[in-house]
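Novice: this one's structure only:
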């Protein structure tokens, strides 16, 4: 488990309103190599038995292409540290949020990865970094993604359902503290055989930087009307986590550039329980 060090907090002011929980779950990431930022992405916290895990994509933590293993940055640098911004628990007069910036190593002193990936390798584009959030002021607000139960893929999500990718696009001012919500639509039947049995596709227009974003499904509460019939109440809608976004399938193709991939949260559980050290596995 890696410990982070914290820089001086900054404050952000915003209009008075109630922030939805998913906006606190998604956290902006900066990936560093030898102290220099080489890329930005999104991540979130997953809690397991009291332990905290920072979750994003394999290609985010390793900085390599999942198919070729080639470095994604022009300098060929590989991330050795990740910087995360967390909001603080204390909000003065309900209009000000403090941001705590924590830095966590991705590699040991011998340059071995500290993060874990799925036993199947990088074909599952999910990565988990066990972290110890030890802010001495103890005011960092942690909003784990799994505070509510994930949607059961066999009894919840359907083709044409809307989902929401909550993250931080590149060049978006992360000083704003809160992420962008992008609406997407499940673009194919989620339950397929073979290679695609456990990931699903969404029709969405996203931007670089949103890799690693948590994905939420809006589950509406069923209410009983006066005439005895049932209806869905949008006012009581609950946003339930259903996966992690890993980017579009092909940004060079006009059609494929709008088709994104979502990995169900079950992969995170599998990595936490049986993950292996991060790296590139040649098939």
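Specialist: That came through fine. Model, not experiment: these values are computed from the prediction.
Novice: any weak-confidence spans in this structure?
Specialist: 1-18, 89-97, 134-140, 148-156, 173-176, 190-197, 220-237, 250-257, 283 (pLDDT under 70).
Novice: top helix in it by residue count?
Specialist: helix 266-274 (DSSP state H).
Novice: The stretch 1-150 of the chain: strands as residue ranges?
Specialist: For the stretch 1-150 of the chain, applying DSSP state E, counting those that start in this stretch gives strands covering 2-3, 5-6, 10-13, 27-33, 36-48, 51-56, 81-87, 96-105, 116-117, 127-132.
Novice: Mind checking these for the one nearest to residue 244?
Specialist: Counting by CB to CB, residue 244 lies closest to strand 51-56 out of the strands of the stretch 1-150 of the chain; the figure is 6.4 Å. For glycine as for every other residue, the C-beta is placed from the backbone atoms N, C-alpha and C.
Novice: for the closest one, the distance to its chain's centre please.
Specialist: 10 Å (CA atoms, centre = their mean, to the nearest Å).
Novice: mind listing what it pairs with, with the direction of each?
Specialist: Applying DSSP bridges to the sheet, strand 51-56 is found paired with strand 36-48 (antiparallel), strand 127-132 (antiparallel).
Novice: Now do it against helix 266-274, angle only.
Specialist: If you take axes from the mean of the first three to the mean of the last three CA atoms, to 10 degrees, strand 51-56 sits at 130 degrees to helix 266-274.
Novice: Show residues contacting strand 51-56.
Specialist: With contact meaning CB atoms under 8 Å, 6 or more residues apart in numbering, strand 51-56 is reached by 1, 29, 41-47, 82, 84, 104, 126-133, 142, 144-145, 211-212, 244, 268, 272.
Novice: just to revisit the earlier point, now the longest helix of the chain, how far from the chain's geometric center?
Specialist: The chain centroid and the centroid of helix 266-274 are separated by 15 Å under CA atoms, centre = their mean.
Novice: Which one of the strands of the stretch 1-150 of the chain lies nearest to residue 200?
Specialist: Counting by CB to CB, residue 200 lies closest to strand 51-56 out of those; the figure is 17.7 Å.
Novice: that older thread, TSV for the strands paired with strand 51-56, including mean neighbour count and distance to residue 76?
Specialist: Below are the strands paired with strand 51-56 laid out as TSV (neighbours: other CB atoms under 10 Å; distance: least, CB to CB, whole Å):
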stretch	mean neighbour count	distance to residue 76
strand 36-48	21	10
strand 127-132	22	20
